[in-house]
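Asker: Just to be clear, the model below is a prediction. Sequence and coordinates:
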Amino acid sequence: MSVHEILPGLPDVPVLRDRCRALAVLEAVMDPAYALFAYDAAWSETEEAALMDNGSGDDYAIVFSAAGAWGRGFAHESAMSPYADDDMALWPYLTEPAFCDEDALRATVVFWRETGDGAWRTGPVEMPGDDPHGYADGARDLFGVLAAGTPEAYRDHAEDYHECPVDLDAVRHVFALRPLTEAVVAALNPEADFAGVAAAAARTGYPVAGGGASM
């Protein structure tokens, strides 16, 4: 599954931004030391960024600004990786000037959506001819949870990734952007420190309730 199959599943920019924020807060609860998803509401003076890093060589960044949003992802097993080429050459469509400077961009997929656009866009993608497993640019593995955009999709992924049960009602609470409470944090991870999680959530711009509130 390539970026062309993933992009139709992405919502408009404000909804995607909130979805990214929710994923980051969930990960701050599940594993604050090695969070799979993160969100920086102060990426720069004019930008916010959603980040993913699985610790195994795959990562993505989506940058949000008044102009819209752009994203890049890197799947290390993709044949489109610049590291698969002796000259560190990017796959042809990844040389889109908007995403490159003097240094090679570490990416196997890029996409963007300007303010006022009706859909997400990407370059003229030509997938590798020798790709028996359909891995292509790695977009499915990189952005699958984000594109699915449901509490159930995150729950299923998190139970596999963190190897523990995940409370679906608590996940739904966070996906709905309801204020984070001690009860929600405890339901997701009884060992989590609420003060630390609350501080991390606040840095994403996610609302945090006072102590003792319930789901």
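Answerer: Received it, and whenever you're ready, just let me know what you need.
Asker: now Phe111, what's its secondary structure?
Answerer: strand (DSSP: H, G, I helix; E, B strand; the rest coil).
Asker: next one: the one 5 residues further on
Answerer: Gly116 carries the three-state label coil when classified by three-state DSSP.
Asker: Relative to Ala67, how far out is it?
Answerer: In this view, Gly116 and Ala67 are 10 Å apart by C-beta to C-beta, to the nearest Å. Every residue, glycine included, has its C-beta placed from N, CA and C.
Asker: Got phi/psi on Gly71?
Answerer: The phi and psi torsions at Gly71 (degrees, to the nearest 10) take the values phi -130, psi 150.
Asker: since we're on it, how many residues are nearby?
Answerer: Burial measure for Gly71: 28 neighbouring residues, criterion other C-beta atoms under 10 Å.
Asker: quick one: contacts for it?
Answerer: Gly71 makes contacts with 60-63, 110-112, as judged by C-beta atoms under 8 Å, 6 or more residues apart in numbering.
Asker: ok, those residues vs Arg155, which is closest?
Answerer: Tyr60 (20.6 Å; C-beta to C-beta).
Asker: Just list whatever residues bridge to the closest one.
Answerer: Met52, Gly73 (DSSP bridges).
Asker: Below-threshold pLDDT in the chain: ranges please.
Answerer: For the chain, applying pLDDT under 70 flags the ranges 1, 76-105, 125-135, 210-215.
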